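Visitor: Structure for the following, please:
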Amino acid sequence: MNKQQLASKIWDSANKMRSKIEANEYKDYILGFMFYKFLSDKEQSFLVANDFSQANIEALTEEDSQTVEFIKDSIGYFIAYDNLFSTWLKKGNDFEVANVRDALSAFSRSISPSHKKVFEGIFKTLETGLSKLGDSSNSQTKAISDLLQLIKVIPMSSKQDYDVLGFIYEYLIGSFAANAGKKAGEFYTPHEVSILMSEIIAHHLKDQQEIKIYDPTSGSGSLLINIGTSVAKHVNDANKIKYYAQELKENTYNLTRMNLVMRGILPSNIVARNADTLEDDWPYFDDNDPINTYEPLYVDAVVSNPPYSQAWDPTNKESDPRYARFGLAPKTKADYAFLLHDLYHLKPDGIMAIVLPHGVLFRGGEEERIRTNLLENKHIDAIIGLPANIFFGTGIPTVIVILKQRRQSSDVLIVDASKGFIKVGKNNHLQASNIKKIVDAVVQRKNIDQFSKLVSLEEIREQGYNLNIPRYVDSSAKAETWDIYATMFGGIPKKEIDTHAKYWMAFPQLRQDLFTDSDTPYVDLATTEINQAIHEHVNVQTFRTQFNTAFANFHDYLKAELIGKMQTLHIAQQENVLSLDIFKRLENISLVDKYQAYQALDDQWQSIAGDLEIIQSEGLNAAKIVNPNIIIKKKDGKEQEVQDGWVGYVLPFDLVQKHLLIDELTALQSKERALIEASAEIEAIMESLSEEEKESLLNDANDAFVTAEIAKALKQAFEDIETTEIRALNELLELLGNKAKKPEQEQFVQAHPEVQWSKIEANKNGTYAAPKVKAYLKTLQVNFTFAEDSLEAKLLQVEDLLAQEKELKAEIKADSNALHLLTKTTIEDLDDSQVLELLQVKWVQPIVSAILALPNEVIEHLTDVVQALADKYAVTYTETTQKLTEAENSLADLIDDLTGDDFDLQGLAQFQSLLRGDIQ
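Guide: Coordinates of the predicted model:
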């Protein structure tokens with residue numbers, strides 16, 4: 001399974017297993033056991049790498065102090081053999097909840113002093129929550145055993161495995177968040193929001209080689225990790241990034257530490273605290289040695305998604321250096337308290353991004369004072385309005401505020417990104433193209449119609465320091481309008497055509513050729529073939545040519561970048577490299593949305609990046625690997641993993657079949673089409689049956705023929721066939737049954753010339769035996785031609801089709817299995833040149849095809865626009881009224897033919913008068 005499938009499988013199982021336990025609570029248990037497995041696997045990998053034999057590993061106990069210290073000094077902790085995750089699995093039915101309690105207790109006392117801040121108390125939530133997994137030791141043991149079996153398949157040894165582990169960890173956190181209602185915001189920021197914030201911050205830090213980042217409300221740690229990932233694209237050594245985190249809730253604080261450690265971040269680069277950010281501010285110091293460990297915290301970047309509009313206690317905080325310059329947030333809403341805390345901890349050239357409810361932009365009172373001071377001191381750099389319903393558990397409109405400690409300019413970029421999203425389930429999600437557009441707007445400080453505006457401080461002052469986004473950016477869709485003259489008399493208003501000016505600028509002659517102009521404000525269509533007129537127009541053809549010229553060598557460029565440099569390219573940076581090339585090609589191409597082109601690239605990139613990671617770490621031969629395809633099947637009421645064929649590690653089977661096994665694939669597809677056609681014919685015949693016929697011939701569900709019933713019906717039909725020849729043969733059989741002598745038989749034959757006696761095999765004496773007569777009689781019945789639309793004819797056809805269907809299904813199954821195995825050996829036997837060609841087909845062609853389709857999408861949209869204008873005023877109100885009047889008069893005339901009693905006729909007369917307009 002790939003990481004998506006594995007994560008989905010684990011989530012589905014975990015969600016069922018949690019039973020009545022709250023999702024928000026259960027996540028701590030499964031994630032805690034995942035982390036314990038990670039630590040166990042890491043220790044085992046370390047021991048193997050240091051030449052420990054299996055016997056040495058099995059002998060590891062806390063009593064072996066020298067070895068224990070060696071391991072603790074090396075990886076920061078020690079786990080005895082009996083307490084390893086793998087040992088728990090080996091215990092089988094001997095495993096019990098006490099093993100977990102003992103192991104977690106032992107871990108707490110086996111942490112290296114240098115790693116205490118990272119690992120101390122990290123399993124406390126899990127340890128205290130074990131009792132909630134069942135009412136008794138046995139039920140707790142059962143619940144834990146199920147969890148261990150569930151997560152044992154997660155790989156955790158290599159760097160690539162860390163990526164899988166991290167993906168699954170975040171997938172589970174997100175899935176639990178989606179099921180945790182309003183509690184979700186405590187520990188999870190949606191991935192795409194996290195990426196958006198991270199990309200903006202990473203751009204600001206791109207030239208720095210050593211970076212400190214901080215999240216004062218860290219939750220699961222995803223925000224910090226995504227910033228680290230984004231920043232790592234620009235630095236040569238990811239270990240030059242130091243992570244600071246603070247979280248109020250202990251269980252969530254533990255999630256932060258687990259998440260950071262499992263991403264391969266060095267423990268020395270993790271500084272996390274379990275404390276109230278607003279009450280227990282840094283500087284950081286060790287309680288045991290406060291003087292020597294005192295460290296004021298100033299960082300390069302702060303990112304946070306604090307709880308929205310939370311109450312806090314501002315008492316005696318007027319002199320707190322975090323708030324003294326700007327003011328105190330009201331006690332009922334701590335939003336600005338968190339913002340000012342973040343700002344305080346920035347270095348002079350630092351940057352921060354914070355998610356807040358949009359009320360912070362316009363609420364009055366103390367918040368207005370703080371907002372005013374921030375603006376006048378040039379701290380607010382940008383404001384991004386997010387789509388509603390983008391966070392789990394809340395539909396509150398939110399904004400991201402970007403601030404800097406030191407800025408030269410006082411203007412503020414305001415972005416309304418509330419309309420750019422896709423709907424996934426109950427929530428709205430930002431796509432990669434939405435994120436890219438926002439980041440570009442913020443970084444380049446771009447004015448984009450209905451999207452972003454660079455607002456001067458003077459304008460903000462004029463608005464009373466109110467930053468409500470609609471005051472500066474109007475992203476609302478323009479309301480549909482109807483021209484009264486065109487509605488009554490027809491024609492298309494020029495002003496409505498003018499609203500699509502971008503097309504007429506790109507295609508200057510097209511407007512003149514599509515519409516017949518006049519001296520009035522209205523025009524008519526010059527053609528009824530709108531689609532053809534647009535597609536074949538010289539301006540449109542020139543547009544296509546210009547686009548195709550710009551991308552003429554795009555395929556070769558991608559091939560050189562992705563195939564030629566696959567072993568050396570920087571995967572994290574490569575998507576940006578490709579997007580810059582695409583944007584450059586589109587510089588002089590009007591109408592094509594470059595962010596739509598970026599989405600086309602990103603839709604393929606995740607798959608490409610995954611392949612590149614495999615090839616860079618394992619070599620090109622990894623593309624020749626075929627793995628067992630594991631699926632989940634139920635057996636005896638339990639879900640089990642079973643192998644269902646094979647799957648390419650890098651190269652999909654269908655790709656290989658389409659390009660290297662086309663003959664075999666075509667033959668199989670031909671049979672599949674024949675099967676579909678046969679099934680369709682059977683279904684058509686089924687639909688043509690009467691209800692009575694269906695009842696006797698179909699199954700209980702009325703969706704399939706019963707073979708036995710068809711045979712029975714046909715047998716009876718054949719027996720009921722009456723022809724002179726058949727009647728004579730039946731008489732002969734009766735004669736033979738009565739032991740008729742030869743002369744009598746000969747006399748019968750002479751008397752019945754209607755029988756084709758030559759087609760029946762005769763005895764030596766010239767008579768005919770009953771079996772031979774019956775065989776010929778059967779042949780006559782089978783070859784009898786029933787009336788074309790008769791039930792008998794239909795059943796004969798169905799009988800033949802069912803036989804075809806059965807035969808085709810058997811052949812398709814055999815051919816499919818044979819093709820599957822042939823594909824497996826074909827992949828395993830590929831030479832390097834074939835691998836490169838197939839990778840080009842998998843990586844390059846889909847991007848090229850998606851990009852080259854963009855001009856046609858533009859033209860199709862224009863065609864829809866013009867057609868909509870034509871349809872809008874095609875039928876005038878006058879024509880509609882006239883047709884309505886004619887219809888009413890026709891209906892009134894029909895009333896004369898109706899009959900009824902006196903009261904009915906009086907009512908009909910009144911209705912008739914109403915239709916004819918006699919009653920006003």
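Visitor: Out of the helices and strands in this structure, which is least certain?
Guide: None of the helices or strands of the chain scores lower by mean pLDDT, DSSP states H and E than helix 159-178, at a mean of 70.
Visitor: That one packs against which elements?
Guide: Contact analysis of helix 159-178 by 3 or more CB pairs under 8 Å, 6 or more residues apart in numbering; DSSP states H and E lists helix 3-17, helix 23-49, helix 222-232, helix 250-262, helix 594-618 as its packing neighbours. Quick note: C-beta positions are derived from backbone N, CA and C, even for glycine.
Visitor: can you do 6 Å?
Guide: Here helix 159-178 touches helix 3-17, going by 3 or more CB pairs under 6 Å, 6 or more residues apart in numbering; DSSP states H and E.
Visitor: for the helix it packs on, what is the average pLDDT?
Guide: Across helix 3-17, the average pLDDT comes to 76.
Visitor: just stretch 580-591 next, same as before
Guide: Mean predicted confidence for stretch 580-591 is 97.
Visitor: And for it, what's in contact with it?
Guide: If you take CB atoms under 6 Å, 6 or more residues apart in numbering as the criterion, stretch 580-591 is touched by Ala506, Phe547, Ala550, Phe551, Val592, Lys594, Ala597, Val858.
Visitor: If we use 10 Å, what do you get?
Guide: When contacts are defined by CB atoms under 10 Å, 6 or more residues apart in numbering, stretch 580-591 is touched by residues 436, 440, 502-503, 505-507, 543, 546-547, 549-554, 557-558, 561, 592-595, 597-598, 600-601, 847, 851, 854-855, 857-859, 861-862.
Visitor: got the contact list for stretch 682-699?
Guide: Contacts for stretch 682-699 (CB under 10 Å, 6+ apart): 702-706, 709-710, 712-713, 789, 791, 793-795, 797-798, 801-802, 804-805.
Visitor: Any chance you could list what contacts the helix or strand harbouring Val749?
Guide: Per DSSP states H and E, Val749 falls inside helix 742-751. Helix 742-751 has contacts (CB under 10 Å, 6+ apart) with 728, 731-732, 735-736, 738, 740-741, 755, 757, 760, 762-763, 765-768.
Visitor: Among those residues, name the buried ones.
Guide: Neighbour counting with 16 or more other CB atoms under 10 Å marks Ala728, Leu732, Leu735, Leu736, Ala740, Val755, Ile760, Thr767, Tyr768 as buried within the contacts of helix 742-751.
Visitor: so what pLDDT did Asp897 get?
Guide: 84.
Visitor: Now it, what are its backbone angles?
Guide: Main-chain torsions, Asp897, degrees, to the nearest 10: phi -90, psi -10.
Visitor: quick one: the most centrally placed residue in the chain from Gln431, how far?
Guide: Nearest to the mean C-alpha position of the chain, counting by CA atoms, centre = their mean, stands Val424 at 7.9 Å. Per CB to CB, to the nearest Å, Val424 is found 10 Å from Gln431.
Visitor: now swap in Trp646 and tell me
Guide: 33 Å.
Visitor: Could you do Ala275 as well?
Guide: 37 Å.
Visitor: Which residue comes closest to Met197 once chain neighbours are left out?
Guide: Nearest non-adjacent residue to Met197, counting by CB to CB, 6 or more residues apart in numbering: Ala353, 4.1 Å away.
Visitor: so how many other residues sit close to that neighbour?
Guide: As a burial measure, Ala353 scores 29 neighbours (other CB atoms under 10 Å).
Visitor: The host helix or strand of Thr141 packs against which elements?
Guide: Using DSSP H and E, Thr141 maps to helix 137-151. Using 3 or more CB pairs under 10 Å, 6 or more residues apart in numbering; DSSP states H and E as the contact test, the elements touching helix 137-151 are helix 3-17, helix 23-49, helix 85-91, helix 97-108.
Visitor: Any chance of JSON lines for these, columns distance to Val303 and mean neighbour count?
Guide: JSON lines is the format used below for those (distance: least, CB to CB, whole Å; neighbours: other CB atoms under 10 Å):
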{"stretch": "helix 3-17", "distance to Val303": "25", "mean neighbour count": "17"}
{"stretch": "helix 23-49", "distance to Val303": "22", "mean neighbour count": "20"}
{"stretch": "helix 85-91", "distance to Val303": "33", "mean neighbour count": "16"}
{"stretch": "helix 97-108", "distance to Val303": "31", "mean neighbour count": "18"}
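Visitor: Rebuild these as CSV, extending it with distance to Ala572.
Guide: Below are these laid out as CSV (distance: least, CB to CB, whole Å):
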stretch, distance to Ala572
helix 3-17, 17
helix 23-49, 23
helix 85-91, 31
helix 97-108, 34
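Visitor: any idea which of the ones you listed scores lowest on pLDDT?
Guide: helix 3-17 (a mean of 76).
Visitor: Using CSV, write out the CA atom coordinates for that helix.
Guide: The C-alpha atoms that make up helix 3-17 are tabulated as CSV, following Å, rounded to 0.1, in the frame of the first residue of the first chain:
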residue,chain,number,x,y,z
LYS,A,3,1.2,6.0,2.3
GLN,A,4,-2.3,7.4,1.5
GLN,A,5,-3.8,3.9,1.4
LEU,A,6,-2.0,2.8,4.6
ALA,A,7,-3.0,6.0,6.5
SER,A,8,-6.6,5.6,5.3
LYS,A,9,-6.7,1.9,6.4
ILE,A,10,-5.2,2.8,9.9
TRP,A,11,-7.7,5.6,10.3
ASP,A,12,-10.7,3.5,9.3
SER,A,13,-9.7,0.7,11.7
ALA,A,14,-8.8,3.1,14.5
ASN,A,15,-12.1,4.9,14.2
LYS,A,16,-14.0,1.6,14.5
MET,A,17,-11.9,0.4,17.4
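Visitor: No further questions, thank you.
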